[in-house]
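Chemist: Okay, sequence plus prediction incoming.
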There are 2 protein chains.
Amino acid sequence: MTRTPTAGKAGRRRDPEKDAQILQATLDVLAETDYADVTIELVAARAGAGRHTIYRRWEGKDELILAAIACTDSADLGPDGLPDTGTLRSDFLALLDPNWMGGSERRLRILSSVSAMITRTPRAVDAVTKAIVDPSTAAYRFLIQRAVDRGEYAPPHNLDALAQVIPSMAAYRAFFMQQVVDEEFMLAIIDGVVLAALREPSAANR
Amino acid sequence: MTRTPTAGKAGRRRDPEKDAQILQATLDVLAETDYADVTIELVAARAGAGRHTIYRRWEGKDELILAAIACTDSADLGPDGLPDTGTLRSDFLALLDPNWMGGSERRLRILSSVSAMITRTPRAVDAVTKAIVDPSTAAYRFLIQRAVDRGEYAPPHNLDALAQVIPSMAAYRAFFMQQVVDEEFMLAIIDGVVLAALREPSAANR
DNA sequence: CTAATACGGCACTAGTCAGTGCCGCAATCG
DNA sequence: CGATTGCGGCACTGACTAGTGCCGTATTAG
């Protein structure tokens, strides 16, 4: 990830804080503007660093951005960070709360910016997949599976496909339609698509 | 759309062919590379035109691209251009045929490239919405509604939401996952999501 | 102390690209 | 015919930016 400092002994030590500050600044800029408009100058200024401090740690612009993507915080998408309200429907709605939605919206913006990079750098696909796409899908898959396990719904025909519905449609709406992913929209997807595709469990499954 | 030529009388006439050639070339380049990599030079070369010929007709790069988006051919998404195979499921699958998929895939690529422009130019949202997003949704809405009308399924809880499922998920897969929208994937969405969310009609609806 | 490294700031190079001006030629009107 | 406009090609300007070198300063090992 970070360029290895030479193993010499003397000299001032690299500030580990700077690594995080630079990566955070990169994500900030990435979330605010487009990939093409992300300049090292901007990132450096945002991080309160010199450009050299960046180039000393990463090979170039692409490496920096890939590293930043890789450190996107998706902890809120782990099983322990997800809501557990008792019903799948309110679990989904809980993801709209600022706690989670702050992360989601940020992830969406970053995803949008990086999409431009994806067409050029195949490695960006892996980075985005690991850091954003997979965790999102996994989160929804987890919520649905848990609801199935507790007998709320019957096992779906295709869990993976269902788990991708909400992230896909939210991303589509946020990017291409530039409309807010608000409660009204989420309810339309939740009730009109995801829950509609799930069936009540048969007696045998209870 | 096109810059108005001065209403003078004498002089050589503008070649109407060139307008179309330039717009097509713009769409070609847009479908092949990213928005940031679309240079006027490239478009001009592709269209066999000089850069002046472009600047004479459009204010600048953005105007050109907006005009190109607006003239994206979505005729295949009108009711008359859509497949009518008898069942909703095979209608969906028929959209994968090269006839339609050529257009769909091209639209997806263009959509992807323009997404970078969207964050900058709000007008791009309207252009993309009118030329690509709305026609796609309308096409799927039409197919579903027709199936409902013929008694294949009961009226869905939320037709608009259902109509956006396939375009959204196909776009998400194509952009962010950079994976092919092939038959396997389409079947997963169709059977696992869309048709799963539709119910058999009750006797009263037949 | 000295040597070595990190840091921020500045200046510089090199490359790219939007947009414009000019040239020569073609077409069209009067 | 001459005036006017369209066209392709070329050269040019101006702006921006990735990446590098240099300077003065700060930090750390020996």
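Modeler: Now that the structure is in, tell me what you want to look at.
Chemist: Show me what the helix or strand hosting A:Ala116 packs onto, helices and strands only.
Modeler: In this structure, A:Ala116 sits in helix A:98-118 according to DSSP states H and E. Packing contacts for helix A:98-118, counted by 3 or more C-beta pairs under 8 Å, 6 or more residues apart in numbering or on different chains; DSSP states H and E, involve helix A:16-32, helix A:61-70, helix A:122-128, helix A:165-175, helix B:98-118. For the C-beta atoms, the positions are set from N, CA and C on the backbone; glycine is no exception.
Chemist: Can you pull the residues of chain A lying near DNA strand D?
Modeler: Contacts of chain A with DNA strand D, taken as C-beta under 7 Å from any atom of the strand, map to A:9-13, A:37-41, A:51-52, A:55, A:60-61.
Chemist: ok so, going back, so does the helix holding A:Ala116 get close to DNA strand C?
Modeler: No: applying C-beta under 7 Å from any atom of the strand, one finds helix A:98-118 out of contact with DNA strand C, separated by at least 13.8 Å.
Chemist: what are the phi and psi values for the residue in chain A that DNA strand C sits nearest to?
Modeler: In chain A, the residue that lies nearest DNA strand C is A:Gly11 (2.2 Å; C-beta to the nearest atom of the strand). Main-chain torsions, A:Gly11, degrees, to the nearest 10: phi 110, psi 160.
Chemist: ok, it to A:Pro5 distance?
Modeler: As judged by C-beta to C-beta, to the nearest Å, A:Gly11 and A:Pro5 stand 9 Å apart.
Chemist: More neighbours: the two, which one.
Modeler: Just comparing A:Gly11 and A:Pro5: by other C-beta atoms under 10 Å in any protein chain shown the higher neighbour count belongs to A:Pro5, 11 against 8.
Chemist: ok, now which ones touch A:Thr129?
Modeler: Shown in contact with A:Thr129 (C-beta atoms under 8 Å, 6 or more residues apart in numbering or on different chains): B:176-177.
Chemist: any idea of the pLDDT on it?
Modeler: Listed pLDDT for A:Thr129 reads 95.
Chemist: about what we covered before: columns mean neighbour count on top of the helices and strands packed on helix A:98-118, output as TSV?
Modeler: As requested, the helices and strands packed on helix A:98-118 are exported to TSV (neighbours: other C-beta atoms under 10 Å in any protein chain shown):
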stretch	mean neighbour count
helix A:16-32	19
helix A:61-70	20
helix A:122-128	18
helix A:165-175	24
helix B:98-118	20
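Chemist: Comparing those helices, which yields the minimum mean pLDDT?
Modeler: helix B:98-118 (a mean of 84).
Chemist: from the middle of its chain, how far away would it be?
Modeler: 6 Å (C-alpha atoms, centre = their mean, to the nearest Å).
Chemist: now swap in stretch A:67-74 and tell me
Modeler: 8 Å.
Chemist: And stretch A:135-154, by the same measure?
Modeler: Centroid separation for stretch A:135-154 versus its chain: 19 Å, with C-alpha atoms, centre = their mean.
Chemist: Tell me which residues of it come out buried.
Modeler: A:135-140, A:142-144, A:147-148, A:152-153 (16 or more other C-beta atoms under 10 Å in any protein chain shown).
Chemist: Can you tell me which of these is closest to B:Lys18?
Modeler: A:Ser136 (45.6 Å; C-beta to C-beta).
Chemist: Give me the pLDDT value at the closest one.
Modeler: 94.
Chemist: Mind checking if the strand or helix carrying it is in reach of chain B?
Modeler: Using DSSP H and E, the secondary-structure element containing A:Ser136 is helix A:134-149. No: taking C-beta under 8 Å from any C-beta of the partner chain as the criterion, helix A:134-149 and chain B are apart, separated by no less than 9.4 Å.
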